[in-house]
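[1] Got a sequence here, can you model it:
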Amino acid sequence: MQILDQSRWERKEIFDFFSRLEYPFYAVTLPVEVTPVRTFARENQVSFYYMMIWLCTKALNQVPAFRLRVRGDQVVQLDQTDPSFTSLRPGSQAFRIITTPWVADPLAFCARARQADEAQTAFLLGEDTDSLIYFSCTPWFDFTALTNEHSLDRDDTVPRLAWGRWYEENDRLWVHLSVEVNHRLIDGLHIGQMKEALDREIAALGSRNC
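    So this is what the prediction gives:
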């Protein structure tokens with residue numbers, strides 16, 4: 001982690017402008033082609049959900065703006081962010097929040113995520129920290145827009161990602177991906193960079209030997 005030198009930060013004026021707002025949050029929804037994700041998940045017998053979390057986390061960590069956090073008067077840049085995701089209890093309509101470190105090997109990550117998911121009975125373990133990315137999914141329905149719950153704390157700079165049920169178009173599989181961020185730190189440009197990184201990582205699954 002490093003503390004950002006705000007006096008040399010090219011976004012300082014943008015940061016100050018949106019810092020005056022009580023609600024500096026915004027969300028966009030993007031269509032993402034996920035055919036290779038389903039293929040990879042089926043061939044390797046892992047969860048599509050875990051794979052999407054792995055891919056999105058990897059893509060977000062490639063964009064420095066998504067690793068920025070506001071802490072008091074400081075803006076810090078994290079070395080890595082890790083996923084925290086919702087998961088239904090087996091045989092229940094109640095969900096839990098599972099947190100697991102991101103690792104570079106997708107199959108190792110899926111195994112760890114599954115292990116943590118199956119072992120956890122409490123709603124939430126440990127303390128919530130700002131070094132996370134929040135993930136959720138609505139596999140029962142597709143959506144074209146989504147908002148997230150949070151307190152009106154302008155210092156809340158944790159990105160929130162969610163996607164709905166996949167849909168088919170032109171023989172390809174797609175999901176709508178919602179990305180909610182704090183405009184104090186993240187602009188549309190950065191979301192575009194994340195989307196490009198995500199598309200690259202998804203395309204690379206076809207050549208990955210696992």
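[2] Next, work out how far apart the residue nearest to residue 206 when sequence neighbours are not counted and residue 77 are.
    Once flanking residues are discounted, residue 206 sits nearest to residue 36: 5.3 Å by C-beta to C-beta, 6 or more residues apart in numbering. Any C-beta I mention is one placed from the backbone N, CA and C, and that applies to glycine too. Distance, residue 36 to residue 77, using C-beta to C-beta, to the nearest Å: 31 Å.
[3] Please identify which of those two sits among more neighbours.
    Per other C-beta atoms under 10 Å, whichever of residue 36 and residue 77 has more neighbours is residue 36, with 20 against 13.
[4] wait, what's in contact with that one?
    Applying C-beta atoms under 8 Å, 6 or more residues apart in numbering to residue 36 gives the contacts 202-203, 205-206.
[5] let's see 10 Å
    By C-beta atoms under 10 Å, 6 or more residues apart in numbering, the contact set of residue 36 is 51, 55, 172-173, 201-208.
[6] Check for me that residue 136 belongs to a strand.
    Yes. Residue 136 forms part of a strand when assessed by DSSP: H, G, I helix; E, B strand; the rest coil.
[7] after the longest strand belonging to the chain comes which helix or strand?
    In the chain, taking DSSP state E as the definition, the longest strand is strand 172-182. Tracing the chain C-terminally past strand 172-182 and defining elements by DSSP states H and E, one meets helix 188-204 next.
[8] Counting by contacts, list what that following helix packs against.
    For helix 188-204, the elements it packs on are strand 25-33, helix 35-44, helix 48-61, strand 172-182, judged by 3 or more C-beta pairs under 10 Å, 6 or more residues apart in numbering; DSSP states H and E.
[9] With respect to burial, which of the ones you listed scores highest?
    helix 48-61 (a mean of 23; mean count of other C-beta atoms under 10 Å).
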